[in-house]
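[1] Test case, fold it:
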Amino acid sequence: MRKKERQLITLGLVLLFAGIAYWAYTSDSFGFIDLSGWLHGNETTEGGGDTYELGVLNLTSEVLEVGDLKVSFELANEDQFNISAVKVYYALNVADPSNATYTAVTASKATNSTIYEATIDSSFGDTVYYYIEVQYLQDDSTLVFRYPSSGYQSVAVSDTFEPEISTIAVDYNATTGNATFTITASDNDAIDEIIFYYAITADGNATSFSNVTLTTSPYEVTLTIDDNTGDATYYYVDFYVEAYDLSGKSVRLPTE
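    Alright, predicted model coming up:
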């Protein structure tokens, strides 16, 4: 083979391999291995090259009537991960939440729902510290996503529910001139006290009120309305009731 022919063949091979290298460099599906899912524990990559990251969305916490704390949230890109467990870790009233022992409670969602819920066993007056942990499988390994990535969420559990006064019953004894008032009241936590305000007048136009504080059930108070039932004078009683719970929430009946 002549020298000139060998030079042409060599030049052709160089151009051929240069073309192959350029095509490999510019191609999305040849010659490269995507390691992003291995490098980032909360990311996964599909065949098309798109990268997905786990995240927590719409995180809320709600104090229930019994004092428990309900935590609700959604997971971003949940369908792109092989999730094996979702848990909420919590601690109550700890001096150092960064070094506290946390208790796990499983977060679950109803059928056809995207919202995870977990209920923490707390009481009114508690401070709850919590974080979310998601376990998922990738490449035969169990990986963990944590939210927040460090630290914790904190919630002061306070009672926002007012007590309720359902009835005020009056039993008047015309012989003795006494009237017994019985108040029925309830609260989601506990009634602290009930204050009964009253005024006894000859015309029903009260300008000032006395009061009696009741702290134990049944909540009853007996007043002498008429100490002389034999005369022709008839008296009026103006009254209202206020109920207070342990958190200081109150309700009045009648409202005005």
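[2] partner residues bridging the residue lying closest to Tyr90 once chain neighbours are set aside?
    If the residues on either side of it in the chain are set aside, Tyr90 comes closest to Tyr130, at 4.1 Å by Cβ to Cβ, 6 or more residues apart in numbering. All C-beta spots, glycine's among them, are computed from the backbone N, C-alpha and C. Counting by DSSP bridges, Tyr130 is bridged to Tyr90, Gln153.
[3] residues in contact with Tyr130?
    Val71, Val88, Tyr89, Tyr90, Ala91, Tyr102, Ile120, Tyr152, Gln153, Ser154, Val155 (Cβ atoms under 8 Å, 6 or more residues apart in numbering).
[4] Quick check, pLDDT for the fifth one.
    In the prediction, the pLDDT value recorded for Ala91 is 98.
[5] Need the buried ones from the contacts of Tyr130 selected in ChimeraX.
    To isolate the buried members of the contacts of Tyr130 in ChimeraX, using 16 or more other Cβ atoms under 10 Å:
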select :71,88,89,90,91,102,120,152,153,155
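[6] can you put the contacts of Tyr130 in CSV and add distance to Gln138?
    Formatted as CSV, the contacts of Tyr130 follow (distance: Cβ to Cβ, whole Å):
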residue, distance to Gln138
Val71, 26
Val88, 22
Tyr89, 22
Tyr90, 27
Ala91, 29
Tyr102, 24
Ile120, 29
Tyr152, 26
Gln153, 26
Ser154, 31
Val155, 32
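[7] ok, the contacts of Tyr130 vs Glu242, which is closest?
    Val155 (29.5 Å; Cβ to Cβ).
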